[in-house]
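>>> Have a look at this fold, sequence not included:
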């Protein structure tokens, strides 16, 4: 089955620690995205990547970092510089080839809690 | 920059009643518009999308939405609500202007279905 997987589903972290969230897709999509979701605020874009070895900051990139070494993988690191990291994190991917319809497909999410 | 406004953060309907979730957008160019549904602690699932073809778009689970350029609206409707429709619904607009093909989301509407 093609799709997007995120792991772990639940993650607990102590203040001051970095943590990495995994996102893998086997849809052969070029573009991948990371969003943060907080109650009542919708989804806010953290980082996105349209091609391997390239990525751009979204609206709330401070305190986060990403890498895109492989087409199918786009891990997100939440650093200790992120002042309020407790949130639900969603990864998405999209086909950017000819005939694209701009549809983003989402993974199941990771809920990060800072203790 | 594009934006999306969803009127009503919480909507409550009786089972069998009409569902109407409102979405207004701002865009300087013809947009692509999307409705997604999210069940608790899950990712987003695409309900339907408008990509400049027919203005009345039919989606999954009996939902449909009508693109009205004059009103800059893309309201989501379903003739008869079912208990399984209880979820959070997000409207999104695709930003084709700045590169990156980003989605801008509304803040979401929580739909409650009562017996």
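That came through fine. The structure displayed is predicted, hence computed values, not measured ones.
>>> so who does the closest residue to residue B:4 other than its chain neighbours touch?
Leaving out its chain neighbours, the residue that sits closest to residue B:4 by CB to CB, 6 or more residues apart in numbering or on different chains is residue B:106, at 3.9 Å. C-beta: built from backbone N, CA, C; applies to glycine. Contacts for residue B:106 (CB atoms under 8 Å, 6 or more residues apart in numbering or on different chains) come out as A:42, B:4, B:5, B:6, B:23, B:90, B:91, B:92.
>>> in chain B, which ranges drop under the pLDDT threshold?
By pLDDT under 70, the weakly predicted segments of chain B are B:96-100.
>>> before we move on, back to that, tell me which entries of the contacts of residue B:106 lie within strands.
Counted as lying in strands by DSSP state E, out of the contacts of residue B:106, are B:4, B:5, B:90, B:91, B:92.
>>> for those residues, which one is nearest chain A?
Proximity of those to chain A (CB to the nearest CB) peaks at residue B:90, which lies at 6.4 Å.
>>> Now the closest residue to chain A within chain B: closest residue in space, sequence neighbours ignored.
Chain B approaches chain A most closely through residue B:43 (3.8 Å), counting by CB to the nearest CB. Among residues not flanking residue B:43 along the chain, residue A:106 sits closest, at 3.8 Å (CB to CB, 6+ apart).
>>> all strands of the chain, in order?
As the question left the chain open, I've gone with chain A. Under DSSP E, chain A gives strands at A:4-7, A:10-13, A:19-25, A:31-37, A:43-51, A:54-57, A:64-66, A:76-78, A:87-94, A:105-106, A:110-114.
>>> Please refer instead to chain B.
B:3-5, B:10-14, B:19-21, B:24-26, B:33-38, B:44-50, B:56-58, B:64-68, B:73-78, B:87-95, B:102-105, B:109-114.
>>> how about TSV for these, with mean neighbour count and distance to residue A:88 added?
Shown next, in TSV, are those (neighbours: other CB atoms under 10 Å in any protein chain shown; distance: least, CB to CB, whole Å):
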stretch	mean neighbour count	distance to residue A:88
strand B:3-5	17	19
strand B:10-14	14	19
strand B:19-21	19	21
strand B:24-26	17	24
strand B:33-38	24	10
strand B:44-50	20	11
strand B:56-58	14	28
strand B:64-68	18	25
strand B:73-78	21	22
strand B:87-95	24	11
strand B:102-105	23	13
strand B:109-114	17	15
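>>> So which of the ones you listed is nearest residue A:54?
strand B:102-105 (14.9 Å; CB to CB).
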